[in-house]
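Participant: turn this into a model:
(2 chains, ligands or ions: 2)
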Amino acid sequence: MTDTILDIRDLSLSFGRLRALDGVSLQVQAGETLALLGHNGAGKSTLFKAVLGFLAPEAGSIAIAGHAPGTDAARIAINYLPEVVAFPRSLTGREVLTYFSGLRSAPKTGIADLLERVGLSDAADRAVGTYSKGMRQRLGLAQALIGAPRLLLLDEPTSGLDPVSRHEFYAVIAEAAARGSAVLLSSHGLEEIQTRTDRVAILARGALRAVGTLEDLARQAALPTTIRVTARPGEADQLQTEFGGRRINGCRLEIDCAADAKLALLARIGTRSNVLQDIDVAVPGLDDIYRHHSNQPDEEASA
Amino acid sequence: MSTRIGTVFTQELRLARRNLWVALATVVLALFALALAFFAAGQGAALDADVLSLTSASLATLSVYLIPLIALLMSYDSFAGEIERGALALTFATPVRRWEVFVAKFLAQCAAVGLSIVLAYSIAGLAVLPLFGAGPEGIAAWLRLIGSSVALGAVFVAVGLMLSAFSGRTARAAALAIGTWLVLVVLYDLALLGGIMAAGEGPFASHVFPWLVIANPADAFRLYNLASLDTAPVAGIDGLARTLPFPPVAALGALALWLGAMVGLGIFRTKRIVP
Ligand SMILES: Nc1ncnc2c1ncn2[C@@H]1O[C@H](COP(=O)(O)OP(=O)(O)OP(=O)(O)O)[C@@H](O)[C@H]1O
Ligand SMILES: [Mg+2]
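Facilitator: Ligands and ions are numbered 1, 2, ... in the order given. Okay, here's the model as predicted:
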């Protein structure tokens, strides 16, 4: 029996005639990290605001550790990092954390540790107005870690961060998950998330297109591996009749094959090494998997 | 509950101090109060009247303009600015209740405005006291002025916060605040003056008019201060102070009603903000 912290069922929400969320169902367990992926305007922030109780759903239900959004118990359970946040410029980092610790009735003794965890100890007593974007983002994360959150909602926590900071961010988030927090974070693409989350949910135009582990998504997408062959001058035609594929130019050929047929095909091509100049294998990347899932139904619609 | 209110209160007060609001308001009010006090001192010496009483009267008339302006300027951006910057979403996501946020902001800004008023008027009062002396009546008038000024400041802080919660955008909140100041402090008086000129003596002047005067917090404040003075001017709307159908303290009741209504409306609206 797992401990479901966030339970969203058939959630729909509209702004006037715009359907921002359409029948979204999603569960996040304690200790699990789920990444919500989607293009700009997909509805990620709207979903977070519904979970926070800022926006009322039009249909469906949300439960946070069994409580309705916006109730005292739900607000106690959730810690949130919005996508844009500007702390008052004249306050210091420490004062900002003191404020949120006070609102969450958390002891002030934890503040130094939080600052340490996000690497802001040295800047703690400087005005937030002097912080870089990355430092403000770290302060936002520190604020979201106050107390022992049961559900962490992080809206694009790493957008605009350099790769090293991003790595550190995910390490801090992983620590929180290891202590038992359920984490729901949003992002723009799989490239950014890589394998740092347990599961991935892909949202496009308000509807969930896929939910699962990265392996699940890759398997469902069943994207072909592409083998690019460069033939010696004059040999390309012959290779194409033999192996099929698309001609790119006078001497290059692209052959698609299923992932499990790759080795056999490569072996066959290898027997013709006398007419080959080069072979290059392109395995589908994270971006291709993401694009496959987020675009699929749109292509049907526009066809 | 009290820790959360205390937390928001502390941060708001800190911000008001860092933004130099308290210092600025204190300096402006103190300069005006000192100028009026020494002007009244010149007059008082000639009239053989109490300097503090005279100063209270002229300061009451000036405070009607300045204090609402200061209170509105301090409060109009409080919710609107935080909504625009995304800061309110963070606060509302924590266990703090929305009414607690409103009340804490209100108390902090009242404290800031009140502190400025008490400091500025005390400085002015203490400056003239050793030079010209004061009778018990003058001191009472001065204390009444300080107390009712703080109450007036509180009413307009509540008005500003309420407008801020309603508008949700800084620019709109600023326009609403200035518009409210113009209407309540300037235009309302002009309309009343026009009304009494047109109606002349009669039931309007004696029965309706006084109530219309204390229906406006700014006028209620002025009426309270002037009606309590013996040496008060007797011209214009202020002349009304002589023929009131109710005791001057009723004007304080009007301020309290305004305060309650504005805080209530503000909390009602704050609960509906989508940050
Ligand atoms: N308050 C609002 N009023 C009207 N429409 C809104 C409002 N908030 C969001 N929308 C619309 O809802 C859709 C989803 O917006 P949302 O902010 O959830 O997207 P998002 O996935 O967070 O995008 P991004 O990656 O750019 O942050 C968009 O089309 C947006 O224009
Ligand atoms: Mg967003």
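Participant: quick check: bridge partners of the closest residue to A:L37 other than its chain neighbours?
Facilitator: Spatial nearest neighbour of A:L37, chain neighbours left out: A:I202 (5.0 Å); criterion: CB to CB, 6 or more residues apart in numbering or on different chains. Backbone N, C-alpha and C define where each C-beta goes, glycine included. Taking DSSP bridges, one obtains A:L37, A:A210 as the residues bridged to A:I202.
Participant: isn't A:I202 right next to A:S294, touching?
Facilitator: Yes - the pair A:I202 and A:S294 passes the contact test of CB atoms under 8 Å, sitting 5.4 Å apart.
Participant: pick out whichever of these two has more residues nearby.
Facilitator: A:I202 (26 against 21; other CB atoms under 10 Å in any protein chain shown).
Participant: still on that earlier bit, got any residues that touch both of A:I202 and A:S294?
Facilitator: A:L37, A:G38, A:R209 (CB atoms under 8 Å, 6 or more residues apart in numbering or on different chains).
Participant: ok, those vs B:L152, which is closest?
Facilitator: The shortest gap between B:L152 and any of those belongs to A:G38, at 51.6 Å (CB to CB).
Participant: count of residues packed around the one residue in the stretch 151-275 of chain B that gets nearest to ligand 2?
Facilitator: For the stretch 151-275 of chain B, the residue positioned closest to ligand 2 under CB to the ion is B:P275, at a distance of 14.2 Å. When neighbours are counted by other CB under 10 Å, B:P275 registers 19.
Participant: unless I'm mixing things up, it is touching A:F54, no?
Facilitator: Yes - in this structure, B:P275 is within contact of A:F54 by CB under 8 Å, at 6.0 Å.
Participant: any shared contact partners between these two?
Facilitator: B:A89, B:F92.
Participant: following element in sequence after the helix or strand hosting B:V64, please.
Facilitator: B:V64 is part of helix B:51-75 when elements are defined by DSSP states H and E. For helix B:51-75, the succeeding helix or strand toward the C-terminus, using DSSP H and E, is helix B:77-85.
Participant: need the shared contacts of A:I202 and A:S294 in a markdown table (columns: neighbour count).
Facilitator: Listed next are the shared contacts of A:I202 and A:S294 as a markdown table, based on neighbours: other CB atoms under 10 Å in any protein chain shown:
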| residue | neighbour count |
| --- | --- |
| A:L37 | 26 |
| A:G38 | 25 |
| A:R209 | 21 |
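Participant: burial count for the closest residue to chain A within chain B?
Facilitator: Minimum separation of chain B from chain A (CB to the nearest CB) falls at B:T7, amounting to 2.9 Å. Residues near B:T7, counting by other CB under 10 Å, number 23.
Participant: quick one: it is in a helix?
Facilitator: Yes - per DSSP: H, G, I helix; E, B strand; the rest coil, B:T7 lies within a helix segment.
Participant: look up how far ligand 1 lies from it.
Facilitator: B:T7 is 28 Å from ligand 1, where distance means CB to the nearest ligand atom, to the nearest Å.
Participant: now A:T92
Facilitator: For A:T92, the distance to ligand 1 (CB to the nearest ligand atom) stands at 29 Å.
Participant: neighbours around that residue, how many?
Facilitator: A:T92: 19 surrounding residues under other CB under 10 Å.
Participant: that one and B:R17, how far apart?
Facilitator: In this view, A:T92 and B:R17 are 14 Å apart by CB to CB, to the nearest Å.
Participant: now stretch A:178-195: average pLDDT?
Facilitator: For stretch A:178-195, the per-residue pLDDT values average out at 89.
Participant: so what's the closest residue to A:V283 other than its chain neighbours up against?
Facilitator: Leaving aside its chain neighbours, A:V283 sits nearest to A:T225 (5.5 Å; criterion: CB to CB, 6+ apart). By CB under 8 Å, 6+ apart, A:T225 lies in contact with A:D256, A:C257, A:A258, A:A259, A:K262, A:V281, A:A282, A:V283, A:P284.
Participant: what helix or strand is A:T195 located in?
Facilitator: Residue-wise, A:T195 maps onto no helix or strand under DSSP H and E.
Participant: should've said A:G60
Facilitator: Using DSSP H and E, A:G60 sits within strand A:59-64.
Participant: quick one: the helix or strand just after that strand near chain B?
Facilitator: Next along the chain after strand A:59-64, taking DSSP H and E as the criterion, comes helix A:72-77. Yes - remark: helix A:72-77 sits within contact range of chain B at A:D72, A:R75, A:I76, by CB under 8 Å from any CB of the partner chain.
Participant: just the pLDDT at residue 202, thanks.
Facilitator: Assuming you mean chain A. A:I202 carries a pLDDT score of 93 in this model.
Participant: my bad, the chain I had in mind was chain B
Facilitator: 74.
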